[in-house]
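Participant: Next comes the sequence, and after it the predicted model I'd like to discuss.
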Amino acid sequence: MLFRFSFILLLVSCVSFSSAYQIVTPREVKQGDPLHVFVIGEGKEKIFSIEFDGEKRWPLVYLETNPHAIFGIPLDAPLGKKQIVITDITATSTIIREVNITGRPKPQAQFDIPKKLGGNTKKGEATVTSGITEENQILNNLESSSRRLWSERFKYPLVRNVVTDTYGYSRVTGGTVVSHKGLDLRAPVGTRVYAMNRGVVRLVREFTVYGNTVVIDHGQGLQTWYMHLNKTNVKEGAMVERGTFIGYSGDSGYANGAHLHISVRISGTSVDPLMFMRYFGARQRLQY
């Protein structure tokens with residue numbers, strides 16, 4: 001099943017919303033992880049919306065005939081309990097669940113600014129900090145289709161996927177601290193990069209910090225970002241399928257060596273790609 005990991009990796013509890021169907025949610029979720037809520041059982045089509053911390057999902061994502069909702073927990077989300085509210089089609093019956101947001105360890109590591117961006121100097125730091133601000137403003141304003149554009153499981157973007165840096169730690173250079181909100185995969189310059197799933201290409205651009213970047217919108221607020229590319233092979237506005245060749249990996253931007261950085265965004269929040277892929281990914285070998 002597509003969502004086989006939900007029952008294994010989460011502390012799952014099922015509460016009867018009616019005698020026919022059940023709500024499946026985690027009791028706890030870490031900062032930076034995706035929150036996955038879904039409904040199983042007969043009568044599940046009566047679920048109208050699922051809301052978390054004031055953010056509502058409607059229309060719901062239907063996968064394997066079950067209604068699902070995905071929310072992004074920010075890396076700096078306040079700790080403590082938040083509410084999940086599930087409403088049925090009559091909008092007169094609701095169930096409220098609580099999920100506890102727990103802390104994620106955020107280790108720090110020294111990271112050099114490449115010479116092409118000014119090196120470990122005040123000028124280099126200013127280039128990085130101003131670049132991140134300007135580039136994030138562009139990226140955060142990209143549109144997302146109201147329709148879900150994907151139906152298959154997500155796939156990692158390389159033929160051979162070796163993790164070199166994980167999500168959530170902080171890179172420190174002088175007085176600058178940058179959170180690593182993505183996953184780095186080993187990819188020598190010229191490695192072919194493929195779309196993780198079906199969607200619309202919302203951005204193809206060369207940035208100062210993020211380098212050559214491609215953003216694919218999969219609909220309903222879900223996007224994948226591919227950064228530090230050497231060359232791109234798609235155009236903005238194009239519809240791509242899962243596995244479409246979108247470019248070659250490189251070392252452009254704020255990179256001290258060739259690799260591929262991927263980010264997964266849910267309604268503007270970057271989440272841990274490893275956890276996202278455990279819920280929604282195809283079976284692929286991942287190495288460390």
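Facilitator: Cool, the structure landed.
Participant: rest of the way, CA atoms for contacts and neighbours
Facilitator: Will do.
Participant: Quick check, residue 114 in contact with residue 255.
Facilitator: Yes. Using Cα atoms under 8 Å, residue 114 is in contact with residue 255, at 6.8 Å.
Participant: Which one's more surrounded, those two?
Facilitator: residue 255 (22 against 15; other Cα atoms under 10 Å).
Participant: Now do the closest residue to residue 201 other than its chain neighbours against residue 244, distance only.
Facilitator: Distance criterion Cα to Cα, 6 or more residues apart in numbering; nearest residue to residue 201, sequence neighbours excluded, is residue 216 at 4.5 Å. In this structure, residue 216 and residue 244 are 11 Å apart, going by Cα to Cα, to the nearest Å.
Participant: Stretch 280-288: which residues count as buried?
Facilitator: For stretch 280-288, burial by neighbour count (16 or more other Cα atoms under 10 Å) applies to 280-281.
Participant: quick one: low-confidence ranges for this structure?
Facilitator: 1-21, 42-43, 63, 90-93 (pLDDT under 70).
Participant: domains for it, by residue range?
Facilitator: Here the chain is described, according to automatic domain parsing, as comprising the domains 6-102, 108-287.
Participant: Please identify the deepest-packed of those.
Facilitator: Ranked by mean neighbour count, the domains of the chain are led by domain 108-287 with a mean of 19 (mean count of other Cα atoms under 10 Å).
Participant: hang on, residue 26 packs against residue 102?
Facilitator: No. The criterion here is Cα under 8 Å, and residue 26 misses it with residue 102 at 11.8 Å.
Participant: what's the longest strand along the chain packed up against?
Facilitator: Using DSSP state E, we find that the single longest strand of the chain is strand 222-232. Counting contacts by 3 or more Cα pairs under 8 Å, 6 or more residues apart in numbering; DSSP states H and E, strand 222-232 is packed against strand 212-219, strand 245-249, strand 259-266.
Participant: Just the element for residue 67, please.
Facilitator: strand 66-72 (DSSP states H and E).
Participant: how close does the nearest residue to residue 212 once chain neighbours are set aside sit to residue 171?
Facilitator: Residue nearest to residue 212 in three dimensions, not counting chain neighbours: residue 206, with 4.1 Å by Cα to Cα, 6+ apart. Using Cα to Cα, residue 206 is found at 22 Å from residue 171.
Participant: try residue 186
Facilitator: 18 Å.
Participant: And for residue 157?
Facilitator: 24 Å.
Participant: Check residue 87 too.
Facilitator: 42 Å.
Participant: the helices in the stretch 151-288 of the chain, which residues?
Facilitator: Under the criterion DSSP state H, counting those that start in this stretch, the stretch 151-288 of the chain carries helices at the ranges 273-280.
Participant: Just the CA atoms of stretch 164-175, as PDB, please.
Facilitator: C-alpha atoms of stretch 164-175 as PDB (Å, rounded to 0.1, in the frame of the first residue of the first chain):
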ATOM      1  CA  THR A 164      25.200  13.500   2.000                       C
ATOM      2  CA  ASP A 165      23.400  16.000   4.200                       C
ATOM      3  CA  THR A 166      20.100  15.700   6.000                       C
ATOM      4  CA  TYR A 167      17.300  18.200   6.900                       C
ATOM      5  CA  GLY A 168      17.200  20.400   9.900                       C
ATOM      6  CA  TYR A 169      20.700  21.300  11.000                       C
ATOM      7  CA  SER A 170      22.200  24.800  11.000                       C
ATOM      8  CA  ARG A 171      25.200  25.900   8.800                       C
ATOM      9  CA  VAL A 172      27.300  28.600  10.600                       C
ATOM     10  CA  THR A 173      29.600  31.000   8.800                       C
ATOM     11  CA  GLY A 174      30.800  33.900  11.000                       C
ATOM     12  CA  GLY A 175      27.700  35.600  12.300                       C
END
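Participant: Could you measure from the closest residue to residue 268 other than its chain neighbours over to residue 201?
Facilitator: The shortest distance from residue 268 to any non-neighbouring residue, by Cα to Cα, 6+ apart, is to residue 140 (6.3 Å). Distance check for residue 140 against residue 201: by Cα to Cα, it reads 15 Å.
Participant: and if you look at residue 213?
Facilitator: Counting by Cα to Cα, the gap from residue 213 to residue 201 is 11 Å.
Participant: Also residue 285?
Facilitator: Counting by Cα to Cα - residue 285 and residue 201 are separated by 26 Å.
Participant: Equivalent analysis for residue 97, please.
Facilitator: 36 Å.
Participant: Which secondary structure elements does the lengthiest helix in the chain sit against?
Facilitator: For the chain, the longest helix by residue count, based on DSSP state H, is helix 122-140. On a contact count with 3+ Cα pairs under 8 Å, 6+ apart, helix 122-140 meets no helix or strand.
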